[in-house]
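>>> Here is my input, please return the structure:
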Amino acid sequence: MLIEAENLHKRYLLKRSEVHVLRGADLRVASGETVAIIGRSGAGKSTLLHILGGIDRPDTGSGKVRIDGEDLYALSGAKRTRMRSDRIGFVFQTYHLLNEMDVLENVMLPARAAGHPQQPSRKRALELLDAVGVADRVRHTPLELSGGEQQRVAIARALINDPVVVLADEPTGNLDVETGESVLRLLFTLTRDRGHALVMVTHNDEIARTCDRAMRLVDGRLV
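Here you go, the predicted model:
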């Protein structure tokens, strides 16, 4: 299994009340498998994705996350950051692109952080930008792009290091139908042909049905 998550709990204190968004969530995703996570707004789907990606911690003592057999939260902070850079690709719902960098620099950033050689990384970045349909925007900054274009750049950035796990939060939410279908084909090809794993949060039932499995987050558990 590339992803193994067991008994995940997460609580947030909002004003004077406690919100328990995850209540023992379990998830296992095999090599080459695509899984959609669906559920109502506020159910904790993004929180779950952030915990699977090492961005947010589960409640202390509540469970474990293993990526390709390695316990994510048993690692030091530096090693967990390195794992996120090398082995996990994350597509954020709100892009998180750096406005002071151009499109090509944004996509190459994870490769630079991982210490990969510049020329192969540049070639890979240009190939990915072409695949998601924004090859003509490489010298533009994110502020000069539409929301849909920024989403495509964010997807290319997530794939630059050829991650074994891709976590995508509404990856087609800001894209037109044709571009969304193209992006999904790219994500599915990466997953199925290379034996990687894709977990995707979506509100779109049609997109969920294109995945190998669809799971619903209900009362803090995946069913």
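
>>> Could you use CA atoms for every contact and neighbour count after this?
Fine.

>>> Correct me if wrong: Lys64 contacts Ile3.
No. Taking contact to mean Cα atoms under 8 Å, the distance of 10.5 Å between Lys64 and Ile3 leaves them out of contact.

>>> give me the element Ile51 is part of.
Counting by DSSP states H and E, the element that carries Ile51 is helix 45-52.

>>> What is the burial count for the nearest residue to Pro117 once chain neighbours are set aside?
In this structure, Pro117 finds its nearest non-sequential neighbour in Ala111, 8.0 Å apart by Cα to Cα, 6 or more residues apart in numbering. Other residues within reach of Ala111, judged by other Cα atoms under 10 Å, total 24.

>>> what does the helix holding Ile51 rub up against?
Helix 45-52 is touched from outside by 5, 22, 37-39, 56-58, 65, 167-169, 199, 201, 217, with contacts defined as Cα atoms under 8 Å, 6 or more residues apart in numbering.

>>> Can you tell me which of the residues you listed lies closest to Ser146?
Sorting the contacts of helix 45-52 by how near they are to Ser146, with Cα to Cα, puts Asp169 at the top with 18.3 Å.

>>> quick revisit: surely the residue nearest to Pro117 touches Asp162?
No. With contacts defined as Cα under 8 Å, Ala111 does not count as touching Asp162, sitting 9.8 Å away.

>>> Pull up the pairing partners for the helix or strand that the helix holding Ile51 is followed by, direction included.
Read in the C-terminal direction, the helix or strand following helix 45-52 is strand 64-67, with elements assigned using DSSP H and E. Taking DSSP bridges as the criterion, strand 64-67 pairs within the sheet with strand 3-14 (antiparallel), strand 70-71 (antiparallel).
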